[in-house]
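Undergrad: fold the following.
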Amino acid sequence: MARYRGPQSKIARKFKEPIFGPDRALEKKNYPPGQHGPNKRRGKQSEYAVQLMEKQKAKYTYGILEKQFSNLFKEASRTKGITGENLLKLCESRLDNVVYRLGLATTRRGARQMVGHKHFLVNGTVMNIPSYSCKEGDVIEVRERSKSLEAINESLANRRDQHDWLEWNAQDMKAKFVNAPQRAQINENIKEQLIVELYSK
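TA: A predicted model of the protein is given here:
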């Protein structure tokens, strides 16, 4: 199961955003990593470099590697509508992201691990594929044997955000995927148009 395993704080500092969640290293050193620290002269970035950075930020945010991300872009291009928005909708519809958005895990990386360990059912069937794309009307629920799992209950206790495109039933630990979110409902700081421009070259 391919995924990024490198240092998370360096990536967060590179983009100056807490991509993987709250990060003390980012708070202490709010400048890109490198030998010369904050004193390094950083020249003006080219248009290509800016577009590439935006694509990398999106990939790290959703925990997707290049080949998979490229395939998502191709699918977004074939779908009716604005390609950039379609791309973000596909990323948000991934099962690991849905589990994270529901508050069943504190990070996307944690959600991916939980899905891989078969803690969830989709439409009554065990699903252990983090990249599974949820469809309108899909029912995602915590398996009976996993409802007492400490990590899930702790995460739910700290759950704050609620999303209009997901219906959550706390009593049954079950959710319905109402529809893919619209761009205004996705609060990630990603300039998707730059990614479209990069892939269009």
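Undergrad: give the contact list for the residue nearest the centre of the chain.
TA: Nearest to the geometric centre of the chain sits Tyr62, at 2.9 Å (CA atoms, centre = their mean). Contacts of Tyr62 were listed using CB atoms under 8 Å, 6 or more residues apart in numbering, and they are 91, 94, 97, 108. For the C-beta atoms, the positions are set from N, CA and C on the backbone; glycine is no exception.
Undergrad: out of those, list just those in helices.
TA: If you go by DSSP state H, the contacts of Tyr62 have 91, 97, 108 in helices.
Undergrad: buried residues of stretch 100-118, list them for me.
TA: Under the neighbour-count criterion of 16 or more other CB atoms under 10 Å, stretch 100-118 has 100-115 buried.
Undergrad: next: stretch 167-178.
TA: Across stretch 167-178, burial judged by 16+ other CB under 10 Å covers 168, 173, 175-177.
Undergrad: and if you look at stretch 147-163?
TA: For stretch 147-163, burial by neighbour count (16+ other CB under 10 Å) applies to 149, 152, 155-156, 163.
Undergrad: and the pLDDT at Pro38?
TA: Note for Pro38: predicted pLDDT of 59.
Undergrad: again with Arg159
TA: At Arg159, the predicted lDDT confidence score is 82.
Undergrad: that one contacts Gly103, correct?
TA: Yes - if you go by CB atoms under 8 Å, Arg159 and Gly103 touch, sitting 3.2 Å apart.
Undergrad: doesn't Ser148 fall inside a helix?
TA: No - counting by DSSP: H, G, I helix; E, B strand; the rest coil, Ser148 falls outside a helix, being coil.
Undergrad: now it: phi and psi?
TA: phi -90, psi 0 (degrees, to the nearest 10).
Undergrad: for Leu95, see how far away it is.
TA: Going from Ser148 to Leu95 by CB to CB, to the nearest Å gives 22 Å.
Undergrad: likewise for Gly84?
TA: For Gly84 relative to Leu95 (CB to CB), the value is 22 Å.
Undergrad: of these two, who's got more company?
TA: Leu95 (23 against 20; other CB atoms under 10 Å).
Undergrad: skip the chain neighbours and tell me the closest residue to the more buried one.
TA: Tyr132 (4.2 Å; CB to CB, 6 or more residues apart in numbering).
Undergrad: thinking that neighbour is in contact with Val122, fair?
TA: Yes - between Tyr132 and Val122 there is a contact under CB under 8 Å: 6.7 Å.
Undergrad: and for those two, which residues touch both?
TA: Counting by CB under 8 Å, 6+ apart, the residues touching both Tyr132 and Val122 are Leu95.
Undergrad: please, where are all the strands along this structure?
TA: With strands called from DSSP state E, the chain shows them at 120-122, 125-126, 139-142, 166-169, 174-177.
Undergrad: Phe73 is nearest to which of the ones you listed?
TA: Nearest to Phe73 among the strands of the chain is strand 174-177 (21.9 Å), distances taken as CB to CB.
Undergrad: that closest one pairs with which strands?
TA: Paired neighbours of strand 174-177 in the sheet (DSSP bridges): strand 139-142 (antiparallel), strand 166-169 (antiparallel).
Undergrad: can I get the ones you listed in JSON lines with distance to Ile186?
TA: Listed next are the strands paired with strand 174-177 as JSON lines, based on distance: least, CB to CB, whole Å:
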{"stretch": "strand 139-142", "distance to Ile186": "18"}
{"stretch": "strand 166-169", "distance to Ile186": "13"}
